[in-house]
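Chemist: Quick one: sequence and predicted model below, then my questions.
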Amino acid sequence: MVKTIIELRRLRKEYFNVVALADVDLSIPAGEIYGLIGPNGAGKTTLLRMLATTLEPTAGRVLLEGKDLWDDPPGVRSVIGFMPDFFQVYRDLTVREFLTFFALAHGLRGAKLAHRVTDVIGLIGLEEKADELCKGLSRGMVQRLGLGRAVLHNPRLLLLDEPASGLDPLARARLFAVLQRVRAEGATIIISSHILAELSGLCTSVGIMHQGVFLESGPTEEVIRRLLPRRKLQLRVLEGSQTPAANVLEKHENVSMIQTDTTWLRFEFDGTDETVSELLDQLIAAGVRVVLLQESASSLHEAYISIAERNHHAVHA
Amino acid sequence: MPFMHNPLMYRGVRSSYGRNGFWGWMIGLGLLLLFILFCIHVNAVTETEYSGEPSLAERTGYRFGWFCFAVEMFAAIVVTLWVMSDSVVQERKQNTYEFLETLPLRPSGKAIGLLVGRCVGILTVTAVTGVVGTISALIGGVELERILWLHVIALCGFTASGFLGLSASIGLGRVSLGGLIVVVFLVFSLGISGALMGDKTVILPLLPVAPLASLSWSLLPVNELPAMIRDHGAHFYSISIPWQAAPVILYLFFAAVFFLAARRGLTRPEAPRSPRWHGLIVLAMFHALLIGFIADFLNDGGESGWQGSDRVDFCLLYLAGFGGMILIWMILHSPSLDNLVHWLRYRPRGPMGSTLVRGLFDKGSPAWLAGLILWAITAAVVLTVNHHYFHGVVSAGALLAVAGVWLLFLLGYTSLFQAGVLTSRKSGSLLGIVFLVVAILAPSLLAAVSSSAGPLYVTPVGMVEDIGYLFRDASSANTRDAWNSLLYNAFGGLAILLVGQAWSFMQLTSLTRQVPPVRQRQVDAG
């Protein structure tokens, strides 16, 4: 049985006359990379800040491995890493001193502290800036340093609020590589973003938030399938194979809505992974020279749009 | 956690020493001290030529020691307050506050770490001036014991003002009011020491809480101390104590109170600095402390030989102090708009009595509810003091009249303040400080400048005056005259407060109507 790391019970947050989070119930299994999806104002940051113990709920409880967060906030903070959506670093410290500051807070001492700080500086790729003041760092470097701070103590739960905003593609790829490594070391990661394309390849589970409630939550594939029963696939073939590929697809009973451009054949597919595999066999048997068959990267995006529109119509009906 | 393993201290040391021009400042301080020493020496040479006693070394040492200790006291108490009141505010401004919030340290560790870490420079300056000043003052003939007491006062003052600044900084949100706090502190300290220095006031033992007074008294020859202190000494109730113990005890009391407030603020981000019951206990303890320092002067057989009218003055002072503390307590506990709305929405419902009692201690309930209870306590305490200490020297009717007017004033100020919070949606502490300036300091200064008591009658200061008239009249047991006198003198102030109460009532009524229902952003989850 998979262990639950975070459990929300009727969690609620009100600001004056607005409910930012409305009696949310949710469980997140350990070891997941859980993506929080939703537009600005959906309640993602409020939820993350409550999980990070920087915001108190109006009502309800948050359990971390079965214990209420507010029973022992300092104890909870020692097993959580949190990277807020917008932050600065201590401009009067060097990169190494900045990380040492947090390492001390997490109880590291002596050689162990020095090794860990050096490791993290390597992990985030700031070796050349290690002994320079933080005030000279670029936005991307500050973001990496913030991530380094959050993973410094090998947290069991890592909370990241829009971590990739403002990063160039290379820095973003590096960030995701670091996250995969942190997850491999056993951490559970909750990450919020409104750039869905970046989450679809990363997250094992997602929760779609809208106006303070979860509209959907679960493993990424399941959520997409629930919202978009017909999967969106795309096929890339070598030149000259497009026509036979299109013929195979047109004849296949699970395929519909085929669109072709110079490089890709895009289509909707109603079936499981197994039937996708069978389709691939059929294409190869028909002499189609397949380069790539994959889920469309925009599935999560379309799933979100689908549910948001449905919800919008329901509210205005 | 060992001392230097506190990350906040590590940060303070790292960011101070060797950066931000720290050593430049230190060299500047050293040069300034040398320059002052040179000037003092030149002056002392001239004076010694005229009169041989004391010697040149003693004269120079005494004066230079005085200067060094002044720098030490100023840095330890005033600059610390300034720096600490900006500490958390700066973290918020620089978007690093969440780092502080999520540090896995106990709140006590955070509070102490912030105090020491932020004040590394101040501690260095006080250490340098303290050592130089000690050597200098010893040369100048000041006893070592008195110098050590001075350092103890400075250290306790540093702790108290540091935690006061920290707890204010946590509560002030994004608005930096450090400068304003310093001004208030300075004005109060200097004002008290300037206005009350003399043998005719019972609060003389409390005077050294003002840094300037404690500095002066520490270095004055014993025969130049105020006569009451020199001849009678200081007492805590009937226990004889050195006069230096009074500021030390008061500073330690404030340090403990503000440490607990800061600790609480660092534990739960949205908690008030202290729960209401905590505030009540602090209030009672503080009042007991103050009374302890001045009670001995009230003994009929005491050496001070205070007579009947002085006991009335004491009662007046007692009431004024108590009223002032209640006012500050109410300001600190006036709920923010969010808390008030939360209370209005979720306030306990049930039998009237239990609802009222639970409501009094809810951080969101209007402070004037609690004010009613405090007023009742005040009235009971004053009546008891009058009965036991003064054997009914003031008539019960007059005392009730005073208590009644205090109620009006307290409710008036609190409701004005509450209406201000609701209208402006600013934090309670922010408005509280503004209120102190507008309602107390400004009229007091205006009265001082214009040499007229008129502006005071709209302030609690004026209220004390009114009560003074009342008591003097009441001591002749003529309650009706007392009431007439009181109403005549307090008419202007009461009129303003009635307007405030009406305004506050309208605000509260309007808010009560519009608060529920919550705007539910509940959507179709299907």
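Modeler: Nice, I can see it.
Chemist: For the stretch 1-150 of chain A, what lies in contact range of chain B?
Modeler: A:14-19, A:22, A:52-56, A:58, A:70, A:73-75, A:77-78, A:80, A:82, A:84, A:86-93, A:97, A:100-102, A:104-106, A:109, A:149 (Cβ under 8 Å from any Cβ of the partner chain). (Glycine included, C-beta is placed from N, CA and C.)
Chemist: Among the residues you listed, name the ones in strands.
Modeler: Counted as lying in strands by DSSP state E, out of the residues of the stretch 1-150 of chain A next to chain B, are A:14-15, A:18-19, A:22, A:80, A:82.
Chemist: Can you tell me which of those has the most neighbours?
Modeler: A:Phe82 (26 neighbours; other Cβ atoms under 10 Å in any protein chain shown).
Chemist: Would you check how far apart it and A:Asp168 are?
Modeler: Look at A:Phe82 and A:Asp168: by Cβ to Cβ, to the nearest Å, they are 24 Å apart.
Chemist: Now the helix or strand harbouring B:Leu290 - C-alpha only, PDB.
Modeler: Using DSSP states H and E, B:Leu290 sits within helix B:276-294. Extracted in PDB, the C-alpha atoms of helix B:276-294 (Å, rounded to 0.1, in the frame of the first residue of the first chain):
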ATOM      1  CA  ARG B 276      -6.000  38.900  25.500                       C
ATOM      2  CA  TRP B 277      -5.700  37.000  28.800                       C
ATOM      3  CA  HIS B 278      -1.900  37.300  28.500                       C
ATOM      4  CA  GLY B 279      -2.300  41.000  28.000                       C
ATOM      5  CA  LEU B 280      -4.400  41.300  31.100                       C
ATOM      6  CA  ILE B 281      -1.800  39.400  33.200                       C
ATOM      7  CA  VAL B 282       1.000  41.600  31.900                       C
ATOM      8  CA  LEU B 283      -1.100  44.700  32.600                       C
ATOM      9  CA  ALA B 284      -1.700  43.600  36.200                       C
ATOM     10  CA  MET B 285       1.900  42.600  36.800                       C
ATOM     11  CA  PHE B 286       3.200  45.900  35.300                       C
ATOM     12  CA  HIS B 287       0.900  47.900  37.500                       C
ATOM     13  CA  ALA B 288       2.000  45.900  40.600                       C
ATOM     14  CA  LEU B 289       5.600  46.600  39.700                       C
ATOM     15  CA  LEU B 290       5.000  50.300  39.400                       C
ATOM     16  CA  ILE B 291       3.100  50.500  42.600                       C
ATOM     17  CA  GLY B 292       5.900  48.500  44.300                       C
ATOM     18  CA  PHE B 293       8.400  51.200  43.500                       C
ATOM     19  CA  ILE B 294       6.400  54.000  44.800                       C
END
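Chemist: Not including adjacent chain positions, what is the nearest residue to B:Val152?
Modeler: B:Val248 (5.8 Å; Cβ to Cβ, 6 or more residues apart in numbering or on different chains).
Chemist: buried sites along whichever helix or strand that neighbour is part of?
Modeler: Assigned by DSSP H and E, B:Val248 falls within helix B:245-267. For helix B:245-267, a neighbour-count test (16 or more other Cβ atoms under 10 Å in any protein chain shown) marks B:245-251, B:253-255, B:257-267 as buried.
Chemist: what is the mean pLDDT for that helix?
Modeler: Regarding helix B:245-267, the rounded mean pLDDT is 89.
Chemist: How about residues contacting that helix?
Modeler: A:73, B:107-108, B:110-111, B:149, B:152-153, B:156-157, B:159-160, B:162-164, B:166-167, B:170-171, B:205-206, B:208-209, B:214, B:234, B:236, B:271-274, B:278, B:282, B:285-286, B:289, B:293 (Cβ atoms under 8 Å, 6 or more residues apart in numbering or on different chains).
Chemist: ok, now how distant is the residue nearest to B:Val152 from A:Leu235?
Modeler: Separation of B:Val248 from A:Leu235 (Cβ to Cβ): 83 Å.
Chemist: where do the helices sit along chain A?
Modeler: For chain A, the helices identified by DSSP state H occupy A:44-51, A:73-77, A:95-105, A:110-123, A:139-151, A:169-184, A:196-200, A:220-227, A:242-251, A:273-285, A:299-316, in order along the chain.
Chemist: Could you export those as TSV, including mean neighbour count?
Modeler: Formatted as TSV, the helices of chain A follow (neighbours: other Cβ atoms under 10 Å in any protein chain shown):
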stretch	mean neighbour count
helix A:44-51	23
helix A:73-77	20
helix A:95-105	23
helix A:110-123	15
helix A:139-151	21
helix A:169-184	16
helix A:196-200	20
helix A:220-227	19
helix A:242-251	16
helix A:273-285	14
helix A:299-316	16
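Chemist: mind checking which of those is nearest B:Met84?
Modeler: Nearest to B:Met84, of all the helices of chain A, is helix A:95-105, at 19.5 Å by Cβ to Cβ.
Chemist: And that closest one, how far out from the chain middle?
Modeler: Centre-to-centre, helix A:95-105 and its host chain are 26 Å apart (Cα atoms, centre = their mean, to the nearest Å).
Chemist: domain assignment for chain A?
Modeler: Taking automatic domain parsing as the reference, chain A has its domains at A:4-225, A:230-300.
Chemist: Please convert those to TSV, extending it with mean pLDDT.
Modeler: As requested, these are exported to TSV (pLDDT from 0 to 100):
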stretch	mean pLDDT
domain A:4-225	88
domain A:230-300	86
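Chemist: What is the neighbour count of the residue nearest to B:Val45 when sequence neighbours are not counted?
Modeler: Nearest non-adjacent residue to B:Val45, counting by Cβ to Cβ, 6+ apart: B:Leu56, 6.3 Å away. B:Leu56 has 14 neighbours, counted by other Cβ under 10 Å.
Chemist: Now do the contacts for B:Leu56.
Modeler: The contact partners of B:Leu56, by Cβ under 8 Å, 6+ apart, come to B:41, B:44-45, B:48.
Chemist: quick one: least confident helix or strand in chain B?
Modeler: Ranked by mean pLDDT, DSSP states H and E, the weakest helix or strand in chain B is helix B:178-196, scoring a mean of 52.
Chemist: about what we covered before: just flag the most distant two among the ones in strands among the residues of the stretch 1-150 of chain A next to chain B.
Modeler: Spatial extent of those (Cβ to Cβ) is set by the pair A:Val18 and A:Ile80 at 26.5 Å.
Chemist: mind checking how far the residue most central in space within chain A is from chain B?
Modeler: Of all residues in chain A, the one closest to the mean position by Cα atoms, centre = their mean is A:Gly35, 3.6 Å from it. Noted for A:Gly35: a distance of 18 Å to chain B, by Cβ to the nearest Cβ, to the nearest Å.
Chemist: Pull the contacting residues for that residue.
Modeler: Neighbours of A:Gly35 in contact, by Cβ under 8 Å, 6+ apart: A:191-193, A:199, A:202-203, A:205-207, A:220.
Chemist: Tell me what it is bridged to.
Modeler: With beta bridges defined as DSSP bridges, A:Gly35 has these partners: A:Ile191, A:Val206.
Chemist: quick one: the nearest residue to A:Phe176 once chain neighbours are set aside from chain B, how far?
Modeler: Using Cβ to Cβ, 6+ apart and skipping the chain neighbours, the partner closest in space to A:Phe176 is A:Leu202 (5.6 Å). A:Leu202 sits 23 Å away from chain B when distances are taken as Cβ to the nearest Cβ.
Chemist: Counting neighbours, what do you get for A:Leu202?
Modeler: When neighbours are counted by other Cβ under 10 Å, A:Leu202 registers 19.
Chemist: Verify the stated contact: it with A:Ile33.
Modeler: Yes: under the criterion of Cβ atoms under 8 Å, A:Leu202 is in contact with A:Ile33, at a separation of 5.9 Å.
Chemist: how far away is the closest residue to chain B within the stretch 151-300 of chain A from A:Lys44?
Modeler: Among all residues of the stretch 151-300 of chain A, A:Gln211 sits closest to chain B, at 3.9 Å; criterion: Cβ to the nearest Cβ. To A:Lys44, A:Gln211 is 11 Å away according to Cβ to Cβ.
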